[in-house]
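Visitor: Okay, sequence plus prediction incoming.
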Amino acid sequence: MKAYLTVGEMGQMFGLNVQTLHYYDKIGLFCPQMRNPETGRRKYKFDQIYQLATIRYLRKLGYPLEDVRVYLNSRSPVHTMQLLKERSAALRAQWQELMRIDEAILRKLQFMEKKQGQIFWDGVRRVTFPERQYIPIGSEEILYMKDSFYFYPTIAFYEKNLKYFGAYVSGPDMGAEEGELPEVSESTMAIPKGDYLVAFHRGSYDEIPSHIAQMRGEHADLCLSPLTVTFNIIDQFVENNVDNYITELQIQILEP
């Protein structure tokens, strides 16, 4: 075995490019033991492979370079065991969060596939719904800071001059049985079960209030909830042209 390795040989042994090793040298994390003062060519002593192997090990565990540096300067069996326990706990928590996000994405995908498989009728129909669950978000000013906005179908609530939002998490069009609720990290609220007037709106969200007013005007003989619930089916996440947005409008019919 060679006593010294070039940068290229060291990189090939560990699957690292030369630029990475140069960077490690620059920040003082992993430096060659020999450097030609005239050419600047670097050479590593062979037993430096153990230090680089440790660096690669910690990087594969997900540690940032600064934490790798601290570890290299304070290695001991006790410290290493504690480090691994902490990292294992962090990875498990990260895995659980990723699985929760994956479940949310699959439910949103199922919602979109099921809704797009429908024939979006013109006019208004009467439809019976079970109770459905959503995560309350609030006003549009805070909407875009909420993770639930990105992972679940968006609900917008219109009530007189108010408009606020929620994230749809459970219902028959989300592949959930009545009463079934996925594990979510935020508290949920219910959309009441019952009969609803349902219409599909095509186009910009700005035109939705006038569409709601039209629905209410055409069914003034019914006792209607003051709240209108709307579900984004085709929205800005999947369609570039606002004229192609499709939103489902629902107004609950109350007992007189």
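Guide: It's in.

Visitor: for the chain, longest strand please?
Guide: Secondary structure of the chain read by DSSP state E shows that its longest strand is strand 224-234.

Visitor: which other helices and strands contact that one?
Guide: Packed against strand 224-234 by the contact rule (3 or more CB pairs under 8 Å, 6 or more residues apart in numbering; DSSP states H and E) you find helix 77-116, strand 154-159, strand 194-202, helix 208-218, strand 246-253. To be clear about C-beta, it is placed using only N, CA and C from the backbone, and glycine gets the same treatment.

Visitor: which of the residues in the lowest-mean-pLDDT helix or strand in the chain are buried?
Guide: Across the helices and strands of the chain, mean pLDDT, DSSP states H and E gives its lowest value to helix 77-116, namely a mean of 81. Buried residues in helix 77-116, counting neighbours by 16 or more other CB atoms under 10 Å, are found at L83, A104, R107, K108, F111, M112, K115.

Visitor: For the last one, give me its contacts.
Guide: What it means is K115. Applying CB atoms under 8 Å, 6 or more residues apart in numbering, one finds that K115 lies in contact with D173, F231, I233, E248.

Visitor: what sits against the first one?
Guide: In this case it means D173. F111, K114, K115.

Visitor: repeat that for 10 Å
Guide: Listed by CB atoms under 10 Å, 6 or more residues apart in numbering, the contact set of D173 reads 107, 110-115, 118, 129, 132, 153, 231, 233, 248.

Visitor: Dump the residues you listed to CSV, plus distance to L254.
Guide: Below are those laid out as CSV (distance: CB to CB, whole Å):
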residue, distance to L254
R107, 29
Q110, 30
F111, 26
M112, 30
E113, 32
K114, 27
K115, 26
Q118, 26
F129, 14
R132, 17
P153, 25
F231, 20
I233, 25
E248, 20
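
Visitor: Can you give the distance of the least confident helix or strand of the chain from its chain's centre?
Guide: On the basis of CA atoms, centre = their mean, to the nearest Å, helix 77-116 sits 11 Å off its chain's mean C-alpha point.

Visitor: Also stretch 126-133?
Guide: On CA atoms, centre = their mean, the centre of stretch 126-133 falls 27 Å from the chain's centre.

Visitor: again, but for stretch 161-170
Guide: Its chain's average C-alpha position is 18 Å from that of stretch 161-170, according to CA atoms, centre = their mean.

Visitor: Could you list the buried residues of the longest strand of the chain?
Guide: Quick answer for strand 224-234 (16+ other CB under 10 Å): L224, S225, T228, V229, T230, F231, N232, I233, I234.
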